[in-house]
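Enquirer: I would like the atomic coordinates for the input below:
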Amino acid sequence: MSKILSPVIQAVDLVEIYHKEKIVLIDATNAKNARENYQAKHLKGALFVDLNTQLADVKSDVANGGRHPLPTLKSFTNTLASLGISEESNVVVYDEQNGSNAAARFWWMLKSIGHKKVQVSDGGFTQAEKIGFPLSDTLEVAEKVPSYKASKWMLPLAGIEEVENIARDEKHLIIDVRDSERFKGKIEPIDLIAGHIPGAINIPFSTNLNDGQLFLSPQELRQKYQIIFAEKHSQNIIVHCGSGVTACHTLLAVAYAGLKIPKLYIGSWSEWSRNSKLIATEE
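Expert: Below is the predicted model of the structure:
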């Protein structure tokens, strides 16, 4: 019986397999000057993936799909081929924000097309550098691979209409993973309107971490989310954030806990807040 691959890999284990196995290492940092920072210093062998141009189909009308709607499957599979990722590749992805920057989004997208071997490096770049993972400033070249074949997104998704229909239904649960100040409507540094979806609860993605750097253990995460989910079926749980990126951090944490992955509302607050929907605050 084959061993089930954990969705999260510890940095010490990453170092070990880096020296022993063939892996495709991906830097999914999404921040100001991310590409320039990558070129200056990255984990040796890592290829850079850009959230805005490769992991999303960014449109001028944010009201239609939010800030980071999914790209077409064809676009995504072309991206995978450009990164040297085939159906059999062992992929490890990291970023500079403990997986919330875009590493978890890339993990979710790969899992959603059925990719078997993909993990997020716990603690990201910082933890890997800390334990002595080799660094490089050399531009990496991807291996040439055949086109990746994918037919659909297989992990569950929710649209804005579904979210609106079930928002106040006690049999369903909407989880907002943004920080509490944004959820309460006290601040809104990115979108046009502050607040949250009526009926949603706030579980900041940062609470998946035990010291601001590393994930809680699978056992701790399982206990935490079993209490939050309160025996609701995963199909009745919707997770969102600002634009469908950091929500994937919580979906990763749920998978790490060994629980079924809930639905992702890709449009998230960036879409909801631009469509004249009801908005709640705690002001």
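Enquirer: strands of the stretch 151-283 of the chain, start to end?
Expert: Listed in chain order, the strands of the stretch 151-283 of the chain (DSSP state E, counting those that start in this stretch) span residues 157-158, 173-176, 201-202, 237-240, 263-265.
Enquirer: got these as a markdown table, with mean neighbour count columns?
Expert: Every residue, glycine included, has its C-beta placed from N, CA and C. As requested, those are exported to a markdown table (neighbours: other Cβ atoms under 10 Å):
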| stretch | mean neighbour count |
| --- | --- |
| strand 157-158 | 19 |
| strand 173-176 | 23 |
| strand 201-202 | 14 |
| strand 237-240 | 26 |
| strand 263-265 | 25 |
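Enquirer: what's the closest of these to residue 193?
Expert: Distances from residue 193 to each of the strands of the stretch 151-283 of the chain were compared using Cβ to Cβ; the shortest belongs to strand 173-176, at 14.1 Å.
Enquirer: need the residues that contact the closest one.
Expert: Strand 173-176 is contacted by residues 163, 166-167, 183, 196-197, 199-203, 228-230, 232, 236-241, 250, 262, 265, 269 when judged by Cβ atoms under 8 Å, 6 or more residues apart in numbering.
Enquirer: hmm, back to that, residue 27 is nearest to which of the strands of the stretch 151-283 of the chain?
Expert: With distances scored as Cβ to Cβ, the stretch of the strands of the stretch 151-283 of the chain nearest to residue 27 is strand 263-265 (22.6 Å).
Enquirer: that closest one pairs with which strands, and in what direction?
Expert: For strand 263-265, the paired strands and their directions (DSSP bridges) are strand 157-158 (parallel), strand 237-240 (parallel).
Enquirer: mind putting those strands into TSV with mean pLDDT and distance to residue 142?
Expert: Supplementary listing: those in TSV, determined by pLDDT from 0 to 100; distance: least, Cβ to Cβ, whole Å:
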stretch	mean pLDDT	distance to residue 142
strand 157-158	98	28
strand 237-240	98	31
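Enquirer: now distance to residue 72 too, for those, in CSV please.
Expert: Converted to CSV, those look like this (distance: least, Cβ to Cβ, whole Å):
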stretch, distance to residue 72
strand 157-158, 14
strand 237-240, 21
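Enquirer: which of those strands sits closest to residue 107?
Expert: Distances from residue 107 to each of the strands paired with strand 263-265 were compared using Cβ to Cβ; the minimum, 14.1 Å, belongs to strand 237-240.
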